[in-house]
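1. Predicted model and sequence below, questions to follow.
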Amino acid sequence: MKIIDFKKGLTFHTRTTESVFFKEVKKILTFLGVSFTDPCCPGAVTNVTTSVIFSTPQNNIAAGAGGAIPVTNYLTTINTDAGGDAFTLANGTKVGQLKKILLVIDGGGNGVVTPANLAAGTTITFDDATDYVVLVWGGAEWFVVENSGVTVA
């Protein structure tokens, strides 16, 4: 099974559309607006190709620093001091771009992230260490696809 070709985007080949893996990939791609046709008969090969950004570098923003969270990498870890910290998040650069933000050290105050455009809210608040959110850029706004302990308001 071939999953990712970094030069061409995401390519998915499978022998069946009944696998749990295929169904999960299909849900994600459908959410991202990727259209494709299921095979006409059992055992046929399904090929799905789309452009998705995968990046592995990460950065850390120290307590008391706040500021802009970069969209040029996947993971940003943040830390807060007793007074809390404010962060901003610019728009994504490509539909399907993923961004994970993780609160590592809770110094007593909350971490508040204000994205330029966020579906279903204007801020993301981190209260405790290990709170995190995973966002996907939909072309006009960030969508929350995974939330562990954060408040979106």
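-> Done, it's in. Numbering: from 1, shown residues only.

2. Give me the number of neighbouring residues for the closest residue to Thr76 other than its chain neighbours.
-> Nearest residue to Thr76, sequence neighbours excluded (C-beta to C-beta, 6 or more residues apart in numbering): Ile69, at 4.9 Å. Yep, even glycine has a C-beta here, placed from its N, CA and C like the rest. By the criterion of other C-beta atoms under 10 Å, Ile69 has 19 neighbours.

3. Over to Thr93?
-> Neighbour count for Thr93, taken as other C-beta under 10 Å: 10.

4. partners of the top strand by length along the chain in the sheet?
-> Among the segments of the chain that qualify as a strand by DSSP state E, the longest is strand 98-106. Using DSSP bridges, the strands paired with strand 98-106 are strand 75-80 (parallel), strand 132-137 (antiparallel).

5. sorry, back to before: mind listing what the residue nearest to Thr76 touches?
-> Residues near Ile69 by C-beta atoms under 8 Å, 6 or more residues apart in numbering: Ile61, Thr76, Ile78, Phe87, Thr88, Leu89, Lys99, Ile101, Val113.

6. Output the strands paired with strand 98-106 in JSON lines; the columns should cover mean pLDDT, distance to Glu146 and mean neighbour count.
-> Output for the strands paired with strand 98-106, formatted as JSON lines (pLDDT from 0 to 100; distance: least, C-beta to C-beta, whole Å; neighbours: other C-beta atoms under 10 Å):
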{"stretch": "strand 75-80", "mean pLDDT": "95", "distance to Glu146": "13", "mean neighbour count": "22"}
{"stretch": "strand 132-137", "mean pLDDT": "95", "distance to Glu146": "4", "mean neighbour count": "21"}
